Each structure stands twice: as C-alpha cells, then as structure tokens.
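Visitor: for reference, the sequence and a predicted model appear below.
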Amino acid sequence: MAAATGPAVPTCSLLLGVDVGTGSARAGLFDEDGKLLGSANSPRQIWKDGDCIEQSSTDIWLAICAVVKAAFSLANVAREEVAGLGFAATCSLGFCCGCRWLSCYSIFEW
C-alpha cells in the first residue's frame, strides 16, 4: 500500500524587509543568502509647513501594503515561504482624537 501524501509544504526560508521613510515605502524579499528576489517602492504624499512635515497614516499603510504585494508578485513566491520580517520606519507621532484615528495628517515629523 502506498503512503498517502498531502500538499507540498513550502520551505520557510525567505526574508521580507520593509522600510518606511519620509518620502516612500519600500519592500524587498530576500533568500537566505541575501539575494534580492523582488522589490518595490512607492512614493508617499507629504505636506510641509516650515520645519514640520505632516503625513497621513492611511497613506503610509496603503503604501506598505502595495509594496509588499508587489514584491511578492515580482519574486513569484507565496507568503508561506517567509520565515522572517524586518521592519524599519522613520518613527513619528500618530495620535487619536475622540477615540478615532484621524484619516488625514495624523503623522507629524520634526
């Protein structure tokens, strides 16, 4: 009697890096040797007033989602193959007003 086989289990050996800067969000997928398999970049909107820069947290998260999806598509890999995530961001201040996140200009940098 032949042994039953199930679906192939993907190897989890890829690394996903996400970097959010003042002007763009970037994502890259790498193999365990550091070879870049797919990457994407998305510029983001900023509003400047003197020394203060304002950004939309909604815009940031939409850009992150877009670049991660694009990197996966370009690398032609499945999310189940990712073993680790590195996330870097130009940390800013997001704030809550009336227990609702503001949909626009909720990130301030100085």
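Guide: Cool, got the structure.

Visitor: going by C-alpha atoms from here, please, whenever you check contacts or count neighbours.
Guide: Fine.

Visitor: element containing Glu54?
Guide: strand 52-55 (DSSP states H and E).

Visitor: let me see the mean pLDDT of that strand.
Guide: In this model, strand 52-55 has an average pLDDT of 76.

Visitor: tell me how far that strand lies from the chain's centre.
Guide: 20 Å (Cα atoms, centre = their mean, to the nearest Å).

Visitor: and it, which strands flank it?
Guide: With DSSP bridges as the test, strand 52-55 is paired with strand 47-49 (antiparallel), strand 107-109 (antiparallel).

Visitor: all strands for the chain, in order.
Guide: 14-20, 24-30, 36-43, 47-49, 52-55, 82-89, 93-94, 96-97, 100-101, 107-109 (DSSP state E).

Visitor: deepest in the core, which of those is it.
Guide: Comparing those by mean neighbour count (mean count of other Cα atoms under 10 Å), strand 24-30 comes out on top with a mean of 22.

Visitor: between it and strand 14-20, how many degrees?
Guide: Interaxial angle, strand 24-30 versus strand 14-20 (axes from the mean of the first three to the mean of the last three Cα atoms, to 10 degrees): 170 degrees.

Visitor: got a list of what Val82 touches?
Guide: By Cα atoms under 8 Å, 6 or more residues apart in numbering, Val82 lies in contact with 12-16.

Visitor: partners of Gly84 in the sheet?
Guide: Under the criterion used (DSSP bridges), Gly84 bridges to Leu15.
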